[in-house]
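*Asks:* coordinates only, sequence not included:
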């Protein structure tokens, strides 16, 4: 039977471990969110109407009375009888309702029937409140004449507040003339304010002018922590804000006091994206550089609210600082990163005004980090186009390139397009008019002085090594490699000397050199002191070399460092200088030290680009063999034990360890058939045992010597073919890694300044910031400064860019000259060049030129044909005119 699974709403998650934490900047976005003020106008017609019906329903009264009053069913003559027979609650609600509906002719009858003029509803509104809200001067005047208090506040509001909410300027003027206080404050939760606040919430412009004319202070901070200017800016009430700021003495830079939050009106307007309010505040003297309680300027909040209009106004009119940092060191450019359509425009605007595109916050995040973490490819490409450093790292060590490669991989094309832009064609001004190719290395050097290779090394570390194939990167590596050999040769020389002398420590007793050294012990003693001096120098070099690694763990993870330290320690372990006696264990240590030294020498030779491919092949096959040996170790151990059992008298299988070595020897083809042959004078073993030995031997021959070794050879051939295909890229990667290590060791700040100055002039491609462009003549056969293949690849890109123009859009397109070349490669197998560019591009360009010329000729012919047709048409018209005249 099938198992009964629960429905979708009752499914539970599979327990497969805890989920990893979210990969994002800590508190990056929430910190920009400002809790909004309570902006609701708490008195409105709907709330009053709903309250009246609710009061009548709660009191058990007749709802039809309210309907009859509103529809004028009840006349003035029948009102006395109707209200006299009504209950007290019905009379009070009808008084409340009549005041709201401006039915002043019913008020005397209701009061005579016993209605209470001080009655109020659940909102704290009395008949005078609702009369003031609805603008009924007659009702308000009658209620006041009947003893109603103009400052009556049952709960939160006085009648003057209601007049402000209803923009009833005549009633407000009446209330003030009857003694209403213009300084009464609202006592509503989260909405504490005065008359100006109420007028601003309802956009009551006339009442606002009235209250100001009666001396209400526009700068006064109400109990809620804000003044009327703050509220108008927060609501975007441009008319009210204009009136408030036009008042003499109005200060636009007063700060709010809502708890620990301090903001100006400009902060509130920018946060709401109200461009008109921002312009008005700036024109009235608002300071755009002031910061709130989190260090945000108005520009931070305008960028976060995605208001391009506010951002431009603050920069142009308010002289806002585009690099102003909040308390977490975030700039407006950090705040501009978002999913809205105007985010890219805001980013470009800020950068055009001088915003630092690589500014890091408290956590080491740049704007590029934030855009990549949120998967915003448009923002990522815009930032890269305007010079964002993709190699910069956060405090956790995550580079922006790493995040881009994982979350917005399509944006990597913009990096290639930036490199394309750095290659341009120019025609010489001399008489020969020779074509010059300029390679601008600023995109590689601008973020990594003096460690010039660190930019490209980051691409290698993050698995984007294909970028090295770009002609600009290849050219830079070639020039850099020409600059670095002196330091590299010194580095290698110290290792060669130590390992060569180390080899001379162990000499065979039968050798002529050994006899000479034994007869002259002084020579070998002096040799050891020389070796000790070189070793001490080597120790200092290795300790200094730690600076070439970012962490000690990374240093210890390198096998060559472990091998070199073993060789250094072995120099002091194998010496006889301490006791004048050579122990047996010293010979064994010395043997391994010599092997380790020469093995390290091989690895060192593998760092050279010329021999690196061959050493890489060896290391690749070695790794594959290790995997293969681990996978099939069980069968090898099985054959070893089997042979030890079958051939107990053979010295080759005297013990399992010797037997395993013999099996490995037999595996490569050194088969020992003597194991199966019987001695002529000896006793023959039992037939069954002899048969078992032969069967086991044949099985070993088939399964190990034939199958396993052929498998190993096949894997080796496949790996070597793969390495040969990517030999050019592997060469560039090795160059990058070696130059990176040398630069880290040389420019870490520990060397004397005089030596650093010499190194800067000799080892750097661009010792001065203004020397970043290399000009070569790609079509000149005498040009030798760059390899021919690199120059021609760069030349092809420059021609392609000239064909399609020199502009680069940051709108998210992923098409560039380099991408065109790569696509052409993938569709054409006729040719392959080492640096990844097709050899048929010249013919393509020629065909394009021919097509352009054909189109130009066809256009000219069409023009001539058009002229001929017009001439013929003119002749026909003249002939027709003549014919008509003749008739």
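*Replies:* Looks like it came in fine. This one's a predicted model, so the numbers in the text were calculated from it and none came from an experiment.

*Asks:* can you list the domain ranges for this protein.
*Replies:* 414-483+735-827, 485-605, 624-725, 851-881 (automatic domain parsing).

*Asks:* any idea of the mean pLDDT for the second one?
*Replies:* Average pLDDT, domain 485-605: 69.

*Asks:* use 834 as the first number from now on
*Replies:* Noted, 834 is the first residue going forward, which turns the last one into domain 1318-1438.

*Asks:* quick one: the helices in the stretch 834-983 of the chain?
*Replies:* 878-891, 896-903, 909-917, 921-933, 940-945, 960-967, 970-978 (DSSP state H, counting those that start in this stretch).

*Asks:* looking at those, which is nearest to residue 1484?
*Replies:* helix 878-891 (107.2 Å; C-beta to C-beta). For every residue, glycine as well, the C-beta is placed using N, CA and C.

*Asks:* just want the angle from that closest one to helix 896-903.
*Replies:* Helix 878-891 runs at 140 degrees relative to helix 896-903, counting by axes from the mean of the first three to the mean of the last three C-alpha atoms, to 10 degrees.

*Asks:* who's in contact with residue 1047?
*Replies:* 1009, 1015 (C-beta atoms under 8 Å, 6 or more residues apart in numbering).

*Asks:* next up, phi/psi of it, please.
*Replies:* Main-chain torsions, residue 1047, degrees, to the nearest 10: phi -90, psi 20.

*Asks:* how close does it get to residue 1028?
*Replies:* Distance of residue 1047 to residue 1028, given as C-beta to C-beta, to the nearest Å: 9 Å.

*Asks:* name the residues contacting each of those two.
*Replies:* residue 1015.

*Asks:* on contacts alone, who are the packing partners of whichever helix or strand residue 1694 is part of?
*Replies:* If you go by DSSP states H and E, residue 1694 is part of helix 1674-1719. Here helix 1674-1719 touches helix 1621-1637, helix 1650-1660, going by 3 or more C-beta pairs under 8 Å, 6 or more residues apart in numbering; DSSP states H and E.

*Asks:* could you find the closest non-adjacent residue to residue 953?
*Replies:* Distances taken as C-beta to C-beta, 6 or more residues apart in numbering put residue 987 closest to residue 953, at 4.0 Å, once the chain neighbours are dropped.

*Asks:* quick check, pLDDT for that neighbour.
*Replies:* On the pLDDT scale, residue 987 gets 88.

*Asks:* pretty sure it is touching residue 961, no?
*Replies:* No - applying C-beta atoms under 8 Å as the test, residue 987 and residue 961 come out as separate, 10.4 Å apart.

*Asks:* for the helices and strands packed on helix 1674-1719, which has the smallest mean pLDDT value?
*Replies:* Mean pLDDT values for the helices and strands packed on helix 1674-1719 show the minimum at helix 1650-1660, a mean of 44.

*Asks:* need the contact list for the residue lying closest to residue 1616 once chain neighbours are set aside.
*Replies:* Take residue 1616 and drop its neighbours on the chain: the residue closest to it by C-beta to C-beta, 6+ apart is residue 1610, 4.8 Å away. Contacts for residue 1610 were tallied using C-beta under 8 Å, 6+ apart; they are 1267, 1268, 1269, 1270, 1616.

*Asks:* same list (those residues) but as a markdown table, adding secondary structure and pLDDT.
*Replies:* Shown next, in a markdown table, are those (DSSP: H, G, I helix; E, B strand; the rest coil; pLDDT from 0 to 100):
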| residue | secondary structure | pLDDT |
| --- | --- | --- |
| 1267 | coil | 75 |
| 1268 | strand | 80 |
| 1269 | strand | 82 |
| 1270 | strand | 84 |
| 1616 | coil | 80 |
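
*Asks:* between the residues you listed, which sits nearest residue 1167?
*Replies:* Using C-beta to C-beta, residue 1270 is the member of the contacts of residue 1610 that sits closest to residue 1167, with 38.9 Å.

*Asks:* one step back: which one of the helices of the stretch 834-983 of the chain lies nearest to residue 1075?
*Replies:* The closest of these to residue 1075 is helix 960-967. By C-beta to C-beta, the value is 24.9 Å.

*Asks:* residues in contact with the closest one?
*Replies:* 876, 878, 881, 928-929, 931-935, 950, 952-953, 958, 972-973, 976-977, 981, 983, 985, 990-996, 998-999, 1001, 1004-1005, 1008.

*Asks:* what subset of the residues you listed is buried?
*Replies:* Taking 16 or more other C-beta atoms under 10 Å as the criterion, what is buried in the contacts of helix 960-967 is 876, 881, 928-929, 931-935, 950, 952-953, 958, 972-973, 976-977, 981, 983, 985, 990-996, 998-999, 1001, 1004-1005, 1008.

*Asks:* which elements pack onto the one helix or strand residue 1422 maps to?
*Replies:* Under DSSP H and E, the secondary-structure element containing residue 1422 is helix 1417-1438. Applying 3+ C-beta pairs under 8 Å, 6+ apart, we find helix 1417-1438 packed against helix 1318-1336, helix 1392-1406, helix 1442-1464.

*Asks:* tell me the buried residues in that helix?
*Replies:* Within helix 1417-1438, the residues that count as buried by 16+ other C-beta under 10 Å are 1419, 1422, 1423, 1426, 1427, 1429, 1430, 1433, 1434, 1437.

*Asks:* nearest to residue 1397, of those?
*Replies:* Nearest to residue 1397 out of the buried residues of helix 1417-1438 is residue 1433 (C-beta to C-beta; 6.0 Å).

*Asks:* is it true that that closest one touches residue 1391?
*Replies:* No - taking C-beta under 8 Å as the definition, residue 1433 is not a contact partner of residue 1391, at 11.1 Å.

*Asks:* common neighbours of those two, please.
*Replies:* Here residue 1433 and residue 1391 have no joint contacts, going by C-beta under 8 Å, 6+ apart.

*Asks:* by mean pLDDT, point me to the weakest helix or strand of the chain.
*Replies:* Across the helices and strands of the chain, the lowest-confidence element by mean pLDDT, DSSP states H and E is helix 1650-1660, at a mean of 44.

*Asks:* burial measure for residue 1148, as a count.
*Replies:* When neighbours are defined as other C-beta atoms under 10 Å, residue 1148 has 22 of them.

*Asks:* what of residue 978?
*Replies:* The number of residues packed near residue 978 is 9, by other C-beta under 10 Å.

*Asks:* now residue 1287: how far from residue 1224?
*Replies:* 7 Å.

*Asks:* name the residues contacting each of those two.
*Replies:* Here residue 1287 and residue 1224 share the contacting residues residue 1281, scored by C-beta under 8 Å, 6+ apart.

*Asks:* residues in contact with the closest residue to residue 968 other than its chain neighbours?
*Replies:* Nearest non-adjacent residue to residue 968, counting by C-beta to C-beta, 6+ apart: residue 1001, 3.7 Å away. Shown here is residue 1001, whose contacts under the criterion C-beta under 8 Å, 6+ apart are 965, 966, 967, 968, 995, 1040.

*Asks:* would you mind measuring from residue 1001 to residue 1112?
*Replies:* 31 Å.

*Asks:* what does residue 1144 give?
*Replies:* From residue 1144 over to residue 1112 the distance is 12 Å, taken as C-beta to C-beta.

*Asks:* same check on residue 1157?
*Replies:* 20 Å.

*Asks:* and what of residue 1401?
*Replies:* From residue 1401 over to residue 1112 (counting by C-beta to C-beta), the distance is 72 Å.
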